[in-house]
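[1] attaching a predicted model along with its sequence, questions to come.
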Amino acid sequence: MQLIYEKSIPGRRGVKLPASDVPVATLLPAHLLRAEAAGLAEISELDLVRHFTNLSRRNFSVDTNFYPLGSCTMKYNAKVLENTAALFAPFHPMTALLPGGEEFCQGTLGMLHDLGLMLADITGMAEVTTQPLAGAQGEMTGILLVSAYHAARGNKAKKKYVVVPDSSHGTNPASAAIAGYEIITVPTAPYGDMDLELFKKAMTDEVAAVMVTCPNTLGLFNPHIKEIADIAHSHDALMYYDGANLNAIMGKVKPGDVGFDVIHVNLHKTFGTPHGGGGPGSGPVGVKKALIPFLPQPRIIKDSRGLFQLESKRQGSIGRTANFFGNFGVMAKAYAYIIMLGREGLVLASEQAVLNANYIKERLKPYFELPYDMTCMHECVFSASKQLVHGVHAIDIAKFLIDRGYHPPTVYFPMIVKEAIMIEPTETESKATMDAFIEVMIEAALTAENDPQALHDAPLTMPISRLDETKAAREQNVCCQW
Amino acid sequence: MQLIYEKSIPGRRGVKLPASDVPVATLLPAHLLRAEAAGLAEISELDLVRHFTNLSRRNFSVDTNFYPLGSCTMKYNAKVLENTAALFAPFHPMTALLPGGEEFCQGTLGMLHDLGLMLADITGMAEVTTQPLAGAQGEMTGILLVSAYHAARGNKAKKKYVVVPDSSHGTNPASAAIAGYEIITVPTAPYGDMDLELFKKAMTDEVAAVMVTCPNTLGLFNPHIKEIADIAHSHDALMYYDGANLNAIMGKVKPGDVGFDVIHVNLHKTFGTPHGGGGPGSGPVGVKKALIPFLPQPRIIKDSRGLFQLESKRQGSIGRTANFFGNFGVMAKAYAYIIMLGREGLVLASEQAVLNANYIKERLKPYFELPYDMTCMHECVFSASKQLVHGVHAIDIAKFLIDRGYHPPTVYFPMIVKEAIMIEPTETESKATMDAFIEVMIEAALTAENDPQALHDAPLTMPISRLDETKAAREQNVCCQW
Amino acid sequence: MNDSHYCPHTPEEISEMLAVIGVSSVEELFAPIPAELRAKALTIPSGMSEFETFARMQAIAAANTQGMTNYIGGGFYDHIIPSVVDHLSGRAEFYTAYTPYQPECSQGTLQALFEYQTAICRLTGLDVSNASLYDGGTACAEAAMMALRVTGRNKIVVDASLNPFSRQVLKTYLFNLDVEVVEIAPTDGLLDRAGLAAVLDETVAAVLVQNPNFFGSIDDFTDLARQVHVLGGLLIASVYPISLGILKSPGEMGVDIAIGDGQSLGNPLCFGGPSFGFIAARKSLIRNMPGRIVGETVDKSGKRGFVLTLQAREQHIKRHKATSNICSNQGLCALRGLIFLSSVGKQGLADMARLNRDKAEYAKARLLAIPGVTLLQSSPTFNEFSVSLPKPAAALVEGMLKEGITAGVPLGGFYKGLENALVVTVTEKRTKKEIDHFARILEAALCN
Amino acid sequence: MNDSHYCPHTPEEISEMLAVIGVSSVEELFAPIPAELRAKALTIPSGMSEFETFARMQAIAAANTQGMTNYIGGGFYDHIIPSVVDHLSGRAEFYTAYTPYQPECSQGTLQALFEYQTAICRLTGLDVSNASLYDGGTACAEAAMMALRVTGRNKIVVDASLNPFSRQVLKTYLFNLDVEVVEIAPTDGLLDRAGLAAVLDETVAAVLVQNPNFFGSIDDFTDLARQVHVLGGLLIASVYPISLGILKSPGEMGVDIAIGDGQSLGNPLCFGGPSFGFIAARKSLIRNMPGRIVGETVDKSGKRGFVLTLQAREQHIKRHKATSNICSNQGLCALRGLIFLSSVGKQGLADMARLNRDKAEYAKARLLAIPGVTLLQSSPTFNEFSVSLPKPAAALVEGMLKEGITAGVPLGGFYKGLENALVVTVTEKRTKKEIDHFARILEAALCN
Ligand SMILES: Cc1ncc(COP(=O)(O)O)c(C=O)c1O
Ligand SMILES: Cc1ncc(COP(=O)(O)O)c(C=O)c1O
């Protein structure tokens, strides 16, 4: 398909602007002006609409295809939620920051405050900040809170390390690094979790925090998690919970009860807000009591009269992670999601997410290697090693699925599983959908034996076949030059 | 694709209803109850969303494809217009009909009143009723007004006929028939319009009305139109203007000035409201002064205080053509369209619609027979007779276009042109789009000579190939039986 | 600067095109229009930007009183609309397409309409449905004209407890065809069976009834169907689709043609439209059905597909001999109806119907507790019921409008002798709190 | 009855699935969670229908004061949003997709992001752009960290006339990396070049400036770029995209990294988000860019296609050595930005920028006509300008809130000594009528 710039015609106009009702201002001095107008598209509204409508049709998406992308929780995003954000479109965030401005923003401030309370309930934390803009930023915020906590207790210099399992998501070590820590990586044991003995060895008083996902990226719940927390605490290290997999355990276990001190949740995963082709997300962070003083500001508090106020000038706060109050529109959808499902609905969601993952796991086990063969939580991780014998890689199976109208599972993650195929169906998929997917997966396994080339050639039904990624990285054409 | 009923699972639920806050009423007597619940779909919301989203992707549409469907004026429907109807969603029409209710509906009543005034200006009529629900109903309404007019003057018995040219749209004679008239059809002359001499012969004092489209369905403006009107009037017959082709002449000529007494306009053609895959439309009817007393009720009038009132109890009115005020939501979009384009914008729209049609006509003339070779208005009509020599029909060219991503022009209409191909680009298409279309049309013409079979086999790129229409008509499976 | 809306051409392109056509100006293209016929300038104002346009439309909407609590129906009902309805009917491929004349590139619309026809058949208990008519009133007219064709007779008998607006539309459609329309005045808010029997004979093409009727009364027309059929006529019933979640279906009663307005199925009130009319009938009547009909068939390779079928009935083929003049119908509204019915679903529609009746029965009890308020009908009701008040209903309703309540539709305007009567509608949207408030306000209004 | 939201299984299906798994209850699947860790019940309330949910959300929105007339900016601006933006970004295939890891079935998102990167490059006059960052503040932090990596230095100099919130975010990101952040206090509402010269040396990784700055002053940093480059540092400029319709671009000034907040490009105010941050840089810096980057390539048959490229920079490959921790970004908001820019278009953005300045200059003149109101800066301004008032700005602004006007952002909270100063924003949305009213109210407020 042509680029929108290739469809442009010099002088063509898109949307019409309102006519001016004020005098034309005297020109700015030439040295402050750009030499020529920026080379934006020049296209009619119809051509623009056709361009983007047809572009959209070149995507797979939850609304058009089963999308069992492991670790991403691609659940159905209820349409009613999509309608909620628009209700808040007109509200300028700066209004709340003006002297006496809170009074004019009680609805929005109250919603953020109450969302924090509900997330604190679900995660077992004392207070939640809704400012972080995505999971990774939540992680960084959380680790900065940890460092502020240690600093306040005079241990800044002493605390040098953050411990992560080798199965952790890349953002965990990356976030800890930005927060100024060195990383200690602990291998995974045959039982599918951070090796307890190696973990004990790794732990010293120089460890500031232990970051884990539970269930982890293998979809497994760590039975030793409490012990791990105790060990960490015995070294004055704090426990960080990566909440990206919270969809497995809502109402079943509260990370706070298990001994976690800091947690982020991905509203765009567990709480039904769409992923937008790469965002926006939202990554609220919850903490235990001892960390409250360090939370980002402004903090939203409910005063004695029940009015919501901003507390901005607190000592000890790590500062700000976003210019305003975080991705409010995303949080409005998540807030609506939580009150709509309610306490029973959230538990049911986790139960059926786990049921679906185990169902797929059991049905595919005969055809694909299951490196960690045990009850999983919301997702299961296979390996294409059986297929590799025939020269077929996980990526080939992924492309075959595309031809059949399925978005592939996550492949090659977690890195500890060779040729990993990570399947997360989520609770919103029907049995019929999963059964059809399972049949196609089985067909892929058989094709790997009988006709590997067919898998190497896939996909054939898309507007393009497999792309030359090396050429892209080499030539670095990241901006249209013509 | 499976039918939604084939995806249903007994007991599955879709949307959740609010819980009841009142006692359960005592059961109705059994003989008033249905034996079993109606066999509607039982499907989850995600499966429902996927079903209809994927169904939508099996359509060509203006937003995805060039759609030069002659006589249908498939212009771009501005997105801002789509947002206007929702503003009026909560207003119950019955409110205005309650005693003193008008006072609570001044916005909506005023909009209908003002839309009538603007349409009266554009068409040169004295008053407009916005009640008719589509063009065809507008025609019927118009002819009923004609009959009421004749009846009021004691000529009910005498006036038996409605005269239409053989190029007229099928709804014209069909509407006149419902209105109780017999039809006299006048052939088209070589110069592309109703044969003047034959028309004169056909005219008697028993003719109640002459229904014409101008420009007609050949896209030609009848130079004798004034003379025709004079002749009709000399026989005390009224002139009916089928406004479906109004997009050619806005601000250029007002039917009222030409001698037309009654007119309908298709808001869903000329005034930028979408066609919805077959509706809803809106067909307001304008009349000259003498016909005002017969207009449908309630009539919306502006009283001395500038308040909008409903006049319901008028003698002589033909009654009602819709339960309430017509397709209000469609009219809101058309109203917005008119005020947005304004006087200059409407004229420009007609000018460029005519420019585009003539451009395509000139460029395709060398390749397709142009039965009436003269300056056209908003559309041009070719014949596939040159291609017929090679056994290629208009329908084959249509299917070839589908494979190239173009919705075909109207084919086999008007009936007076053998193998008709009726092209109406509209003003919203860019030259680039038309040029690409023209190239494909030329390719079709060449393929007709070189490889007719290729055209017979088309389309090959759609989810289905050509369908067996006889089987459909024979078996009459119009409802899913399983 | 070309500041036109949606007319994309640049001056350069326009000259190129003019050159190809061989004229020197766009104006030349209008030469075929005789000079003396050319229009004086339009008097409507100059245009504006889309932002100003939308602001203007918002101002118009704001000029209506907002937030009325509705206890009125009369053919249009204030029901919930699942969010999916707007999202899915808002897919551009649906709403910017035309009637599916080219089936290969219109399977989306065609399959949806086939599914719609199926939903209507299953809801009404009849065999065949078309792809929509304009609205409930015109559906009455089309059904009547259908009966006239089928029977070759020219008398229509109408129960006057059929919606008065629909009766007006019916008469407007028929007034020029020499057809006799006989109205039967209701008794006790129900069809007067004796009165009907008196006029029923073998000259009657069809009897038109409504269930629940304009008073809200529920009836069973099984007996009537038998009588009419004996005399070779057809029974036509107008029905309220939500009520069919629980009420006996036209098919079960032996009705020949069922019709109604589809607004309550996912279409907003929107000051009266667009909604859609539905029509379903016994299989034997299919060739006399008006409008579009989608049929199932197969493609060259035997794959299932859908097409517009039996087009020989229609105006674009049969012209003045067509079964109807309808061309554009209400396709998108019918699609909304299908999405609504599929979202609510089989059990859900029954639940929703029960919820409507429960709310209405609660309101009925609250109103009847008010001194001087009595029930107009003795028959059971669905979500509408009629009460007679100790004083004229018109003034009362007018007064309550100022309280932000549309208290009901006064019957006096439609039936003489019923000046004190009011038909009250209560949908699932009304909360107990609202209903209690309504009763209090009404009682207060009656006391002074 | 299974009244769960969006959990589709029927009891029958659940038992079938349990049988396949070989457990007798769903509860068994949670056995891996030690009993003693199991949660007590959640305390959040029970659920409700979507209709009740939406009503609740409407009530929350209604609890904010409606219809404020905005003269505030500070990073978020009240601009028009063409209708196409919502309609097209509202296509389900865009908003319900994930990051385009599988290019063959994600070309829609990938091509759109490539077009977005192109628009950002052309707007800023730089060579490369990524596919979005979180917001304007985090973009400052990412740009600073990028400069630290590129130069291997550890000092950042920041003009204090850069948005105070962005400066806070910058400090929060950097406070644990041993990096020195030096702030230069502005003079006359502009960067203090002398003050800057005093600290500028070859230990400085980057200088961060903003144009127009927080006071609304327009500057030309061409000279600064030269100075910084001589010392081997980088110049980072935060810019307001709408202003780039007319203002000299970062590229023309010699800026190395341009950043900013994209909210003004088609994203609603929405109480602060979601918007997006953009970052563009000279080609040589591409391997140090944070976040996703889309690149052009070809498929097996030589057909053009787009992929996520240079992923070796990213956390999912490089883990703690990544150029940034960002994973989910603000893709859909960036898409809105692209649609906005493509709809307004090349000439349109220039017109829009001029319109903003014209309105602001008109407002400036009206305000300066008020006795005691003077201009804070001598430099030209775009659509924001700073005035000093005869009395404290805070109390005045608070008072005007009650008039439904956000009169501007008091500078006292951010810069000591400026307690009487106010920065006023005027976008193209403000009408002459509104501005005149604003001036009258302000004058009145100052008089009492
Ligand atoms: C396990 C895990 N942790 C963290 C993240 C990062 O979250 P985000 O993409 O919202 O930054 C993800 C998202 O992919 C994840 O799957
Ligand atoms: C020339 C002409 N007249 C009348 C009509 C009927 O209008 P509608 O479809 O709105 O009933 C049409 C629509 O196709 C038409 O093209």
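    That came through fine. Ligands and ions are numbered 1, 2, ... in the order given.

[2] of all residues in chain C, which one is nearest the centre?
    Centre of chain C computed as the mean C-alpha position; nearest residue by C-alpha atoms, centre = their mean is C:D261, 2.6 Å away.

[3] that one: what's its closest spatial neighbour, skipping adjacent residues?
    Leaving aside its sequence neighbours, C:D261 sits nearest to C:G136 (C-beta to C-beta, 6 or more residues apart in numbering or on different chains; 2.8 Å). Heads up, the C-betas are built off the backbone N, CA and C, glycines and all.

[4] and that neighbour, what's its pLDDT?
    pLDDT recorded at C:G136 is 98.

[5] ok, the one 5 residues further on next?
    You'll see C:A141 listed with a pLDDT of 98.

[6] pLDDT below threshold where in the stretch 201-350 of chain A?
    Scanning the stretch 201-350 of chain A for pLDDT under 70 picks out no residues.

[7] helix, strand or coil for the closest residue to chain B within it?
    Scanning the stretch 201-350 of chain A for the residue nearest chain B gives A:M340, at 8.5 Å (criterion: C-beta to the nearest C-beta). Here A:M340 is helix, with the state taken from DSSP: H, G, I helix; E, B strand; the rest coil.

[8] likewise for C:E13?
    helix.

[9] just give the nearest non-adjacent residue to it, would you?
    B:K431 (4.7 Å).

[10] hang on, the earlier thing: ok, the residue of the stretch 201-350 of chain A closest to chain B touching D:T53?
    Yes - the criterion here is C-beta atoms under 8 Å, and A:M340 meets it with D:T53 at 4.2 Å.

[11] my guess is the residue nearest to C:E13 meets C:E12, correct?
    No - assessed by C-beta under 8 Å, B:K431 is found out of contact with C:E12, at 9.6 Å.

[12] pick out whichever of these two has more residues nearby.
    With neighbours defined as other C-beta atoms under 10 Å in any protein chain shown, B:K431 and C:E12 compare such that B:K431 has more, 19 against 12.

[13] for the more buried one, give me its contacts.
    By C-beta atoms under 8 Å, 6 or more residues apart in numbering or on different chains, B:K431 lies in contact with B:359, C:8-9, C:13, C:16-17.

[14] just give me the closest of those to A:P409.
    A:P409 has its nearest neighbour among those in C:P8, at 44.1 Å by C-beta to C-beta.

[15] how far away from the center of its chain is stretch C:332-348?
    15 Å (C-alpha atoms, centre = their mean, to the nearest Å).

[16] do stretch A:357-368 as well
    That offset, for stretch A:357-368, works out to 25 Å (C-alpha atoms, centre = their mean).

[17] that stretch near chain D at all?
    Yes - contact between stretch A:357-368 and chain D is present through A:358-359, A:362-363 (criterion: C-beta under 8 Å from any C-beta of the partner chain).

[18] how near is the residue in the stretch 1-150 of chain A positioned nearest to ligand 2 to B:T123?
    Residue nearest to ligand 2 within the stretch 1-150 of chain A: A:L46 (21.3 Å; C-beta to the nearest ligand atom). A:L46 is 26 Å from B:T123, where distance means C-beta to C-beta, to the nearest Å.

[19] again with A:T130
    Separation of A:T130 from B:T123 (C-beta to C-beta) stands at 57 Å.

[20] low-confidence ranges in chain C?
    In chain C (pLDDT under 70), the answer is C:1-4.

[21] which parts of whichever helix in it runs longest are buried?
    Looking across chain C with DSSP state H, the single longest helix is helix C:331-368. Under the neighbour-count criterion of 16 or more other C-beta atoms under 10 Å in any protein chain shown, helix C:331-368 has C:331-364, C:366-367 buried.

[22] near chain C, which residues of chain A?
    Counting by C-beta under 8 Å from any C-beta, chain A sits next to chain C at A:9-13, A:15-19, A:44-47, A:49, A:53, A:78-80, A:82-83.

[23] so which of the residues you listed belong to helices?
    Those of the residues of chain A next to chain C lying in helices (DSSP H): A:45-47, A:49, A:53, A:79-80, A:82.

[24] what about the nearest residue to A:F328 once chain neighbours are set aside, neighbour count?
    Of all residues not flanking A:F328 in the chain, D:F271 sits nearest, at 4.2 Å (C-beta to C-beta, 6+ apart). The number of residues packed near D:F271 is 32, by other C-beta under 10 Å.

[25] still on that earlier bit, which among the residues of chain A next to chain C end up buried?
    Buried, going by 16+ other C-beta under 10 Å: A:9, A:11-13, A:15-18, A:44-47, A:49, A:53, A:78-80, A:82-83, out of these.

[26] list the contacts of the residue in chain A that chain C sits nearest to.
    Using C-beta to the nearest C-beta, the closest approach of chain A to chain C is made by A:S44 at 3.4 Å. A:S44 sits next to A:12-14, B:428, B:430, C:6, C:8 when contact means C-beta under 8 Å, 6+ apart.

[27] what about it, distance to ligand 1?
    37 Å (C-beta to the nearest ligand atom, to the nearest Å).

[28] A:Q106 too?
    29 Å.

[29] touching, that residue and A:L307? I think so.
    Yes - A:Q106 is within contact range of A:L307, at 6.7 Å (criterion: C-beta under 8 Å).

[30] more neighbours: the two, which one.
    Neighbour tally, A:Q106 and A:L307, criterion other C-beta under 10 Å: the higher count belongs to A:Q106, 19 against 13.

[31] among the contacts of A:S44, which one lies nearest to chain D?
    Of the contacts of A:S44, the one sitting nearest to chain D (C-beta to the nearest C-beta) turns out to be A:G14, at 4.3 Å.

[32] what about A:H31, distance to D:A353?
    The value you get for A:H31 to D:A353, if C-beta to C-beta is used, is 17 Å.

[33] which ones among the buried residues of helix C:331-368 also lie next to chain A?
    Of those, not one also sits near chain A (C-beta under 8 Å from any C-beta).

[34] so what's the residue count around A:G124?
    20.

[35] cool, and the one 10 residues further on?
    The number of residues packed near A:A134 is 30, by other C-beta under 10 Å.

[36] cool, and C:I279?
    Neighbours around C:I279, by other C-beta under 10 Å: 28.

[37] where does it land in three-state SS?
    C:I279 is classified as strand under three-state DSSP.

[38] can you count the residues close to the residue of the stretch 201-350 of chain A found nearest ligand 2?
    With C-beta to the nearest ligand atom, the shortest gap between the stretch 201-350 of chain A and ligand 2 falls at A:P274, namely 37.7 Å. A:P274 has 28 neighbouring residues, counting by other C-beta under 10 Å.

[39] done for today, thanks.
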